[in-house]
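Peer 1: Please work out how this folds:
(chains A and B)
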Amino acid sequence: AQSVTQLGSHVSVSEGALVLLRCNYSSSVPPYLFWYVQYPNQGLQLLLKYTSAATLVKGINGFEAEFKKSETSFHLTKPSAHMSDAAEYFCAVSDRDGATNKLIFGTGTLLAVQP
Amino acid sequence: KAGVTQTPRYLIKTRGQQVTLSCSPISGHRSVSWYQQTPGQGLQFLFEYFSETQRNKGNFPGRFSGRQFSNSRSEMNVSTLELGDSALYLCASSLPSGGEQFFGPGTRLTVL
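Peer 2: Okay, the predicted model is just below:
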């Protein structure tokens, strides 16, 4: 069965510092990979997705993620954190077989941005 | 395009009652999925509907059920509510396969 591991349930960075949120997946076949962000009392918003084109994926709000098959990783980065980036971030995977859109989520990483 | 809408946004029920939550997908999206979010268990998949048929189901008891209508709108029902059913219930819509899912704002259910 597929699974997703997010290392670090809480990450704190200073405003202007690099943001690095880690995600590893377990699957024999590279799945579809997603990063979602959730602000308090809201639903999930898609930041970016990997579906098999370029391994470096650019998303919204200056975020990007690199798919590394050899490391089964899909870490999320942003060069310079902004106060508005404070939120919870979820990595998710989905099978490629087309039979379902079911997402399997990681446990989430709460990002705090210090002034 | 309007986003995914969910009604109601907040619900308070007591143990033993039943509840129905509604989700309207983005126009043209025929796949609707439901997720439960709790502090302890995180985000868990409940079920997915496509063209009025359930095509995948998560590991939840039979008290949790759903359906989809011909206009792709979906409802989920929870019968005999338990305290542990208190959660944020999220609905997501998407194209049939491989695309990203677009989430609604959720329904916050509190069971007293």
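Peer 1: for the residue nearest the centre of chain A, what are its contacts?
Peer 2: Closest residue to the average C-alpha location of chain A: residue A:35 at 3.3 Å, with C-alpha atoms, centre = their mean. Listed by C-beta atoms under 8 Å, 6 or more residues apart in numbering or on different chains, the contact set of residue A:35 reads A:21, A:23, A:46-49, A:59, A:63, A:65, A:74, A:76, A:89-92. C-beta here means a position set from N, CA and C on the backbone, and glycine is covered the same way.
Peer 1: and residue 41, what pLDDT?
Peer 2: Unless you meant another one, I'm taking chain A. Confidence at residue A:41, expressed as pLDDT, is 83.
Peer 1: you looked at the wrong chain, it should be chain B
Peer 2: Confidence score, pLDDT, at residue B:41: 93.
Peer 1: Equivalent analysis for residue A:100, please.
Peer 2: Predicted confidence (pLDDT) for residue A:100: 79.
Peer 1: How about the contacts made by it?
Peer 2: Applying C-beta under 8 Å, 6+ apart to residue A:100 gives the contacts A:94, B:48, B:55, B:56, B:97.
Peer 1: The first one: how many residues sit nearby?
Peer 2: The reference is to residue A:94. Other residues near residue A:94 number 23, with proximity taken as other C-beta atoms under 10 Å in any protein chain shown.
Peer 1: Bridged to it, which residues?
Peer 2: Listed by DSSP bridges, the beta-bridge partners for residue A:94 are residue A:32.
Peer 1: ok, back up a step: so which of the contacts of residue A:35 also contact chain B?
Peer 2: A:46, A:49, A:90 (C-beta under 8 Å from any C-beta of the partner chain).
Peer 1: could you redo these as a markdown table and give each row secondary structure, neighbour count and pLDDT?
Peer 2: Shown next, in a markdown table, are the ones next to chain B among the contacts of residue A:35 (DSSP: H, G, I helix; E, B strand; the rest coil; neighbours: other C-beta atoms under 10 Å in any protein chain shown; pLDDT from 0 to 100):
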| residue | secondary structure | neighbour count | pLDDT |
| --- | --- | --- | --- |
| A:46 | strand | 17 | 94 |
| A:49 | strand | 20 | 92 |
| A:90 | strand | 24 | 98 |
